[in-house]
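Asker: Sequence and computational prediction follow.
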Amino acid sequence: MKSYSFEDKVLMAVDCIIFGFDKEDLKILLIKRDLEPRKGELSLMGGFLKKNEVLDEAASRILFKLTGIHNVYMEQLYIFSKVDRDPVERTVSVAYYALINIEDHNEELNKQYSAKWFSISEIPNLIFDHNKMVQHAIRRLRYKTSKDPIGFELLPQKFTMRQLQKLYEAILNEKLDKRNFINKINALGILVKLEDKDMTSSKKGSFLYSFDEEKYKKKIEEGFSFRL
C-alpha cells in the first residue's frame with residue numbers, strides 16, 4: 001500500500017460570512033485580524049479544521065467563538081484553493097455563510113475581536129480573498145432567498161410587513177412594489193398575522209406577523225414551491 005507520507009500537506013481553513021439585518025439594511029459581521037500578516041486589518045471570522053472535526057462542526061465552533069450562539073442557519077458556500085491565497089502557508093479555505101438576527105444577538109458579539117457590522121453596500125477592503133468570499137455569499141443568498149424562505153432567519157420572531165419587505169429589498173438590491181409584495185407574501189400562506197402591533201412606526205401601529213415553519217414544511221411535502 002502506498003504511504004501518504006510522501007504527499008503534500010495542506011492546511012484546511014474555515015471562514016464564515018455572517019449576515020445580519022437591522023430592520024433597514026443587510027449587513028455582514030467583520031473582525032480585526034489578531035495575528036500577522038496584516039494584523040489589525042478587517043477580516044471574516046475564521047479558523048482551522050481540527051483533526052477530530054468535520055467541516056460543519058468547525059464552522060459551528062468558529063461561529064460560536066465570535067457570537068456565543070448555536071443553532072443558526074448556516075450553509076457551506078464554496079471552496080477557495082488559489083495556491084497563493086494565504087501568504088504564510090498553502091491553505092485551502094471552505095467558506096460558510098450564516099444568518100443571524102442582529103436584534104437578538106448583538107450584545108453577545110465577542111469584543112475580543114472588535115467585531116463590527118458593515119452594510120453590504122459599503123464593504124471595506126478585507127484580507128486575502130475575503131472580498132471574493134463575501135461576493136459569492138451575497139449571490140448565493142439572493143438565489144436562495146428567491147426560492148426558499150431563509151430570509152426569515154434574519155428577522156425577529158415577530159416582525160412587520162414593512163420590515164419583511166425592507167429585508168427582501170436589501171437582499172435582492174431592488175425596490176419592490178408594496179402592494180404586489182404584500183399580495184404575493186399573503187398568497188404563500190406561510191405567515192401568521194398576530195393581534196400585537198408595533199407602535200413605533202405610527203400612531204395606529206403596524207400589525208406583527210410570525211413565520212409558520214410547520215405550515216411551510218407541510219406545503220413543501222405537498223409539492224409547494226416558494227417564489228416571490
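Answerer: Received, thanks.

Asker: C-alpha from now on. contacts and neighbour counts both.
Answerer: Fine.

Asker: where along the protein do the helices fall?
Answerer: Along the chain, the segments classed as helices by DSSP state H run 55-67, 102-105, 130-147, 161-172, 178-188, 213-221.

Asker: Between those, which one is closest to Met45.
Answerer: Closest approach to Met45 among the helices of the chain (Cα to Cα): helix 55-67, 7.2 Å.

Asker: Output the closest one as CSV, restricted to C-alpha atoms.
Answerer: Taking Å, rounded to 0.1, in the frame of the first residue of the first chain, the C-alpha atoms of helix 55-67 are listed here in CSV:
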residue,chain,number,x,y,z
LEU,A,55,-16.2,20.8,8.4
ASP,A,56,-19.7,21.7,9.7
GLU,A,57,-18.5,21.2,13.3
ALA,A,58,-15.6,23.5,12.7
ALA,A,59,-17.9,26.2,11.2
SER,A,60,-20.2,26.0,14.2
ARG,A,61,-17.3,26.2,16.6
ILE,A,62,-15.9,29.3,14.9
LEU,A,63,-19.3,31.0,14.8
PHE,A,64,-19.9,30.3,18.5
LYS,A,65,-16.5,31.6,19.3
LEU,A,66,-17.4,35.0,17.9
THR,A,67,-21.2,35.3,18.6
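
Asker: Name the residues of it that are buried.
Answerer: Neighbour-count burial for helix 55-67 flags 55, 58-67 (criterion: 16 or more other Cα atoms under 10 Å).

Asker: Determine how far that helix lies from the middle of the whole chain.
Answerer: 13 Å (Cα atoms, centre = their mean, to the nearest Å).

Asker: burial count for the closest residue to Leu191 other than its chain neighbours?
Answerer: Sequence neighbours aside, Phe211 is the residue nearest to Leu191 in space, at 4.8 Å (criterion: Cα to Cα, 6 or more residues apart in numbering). Residue neighbour count, defined by other Cα atoms under 10 Å, stands at 20 for Phe211.
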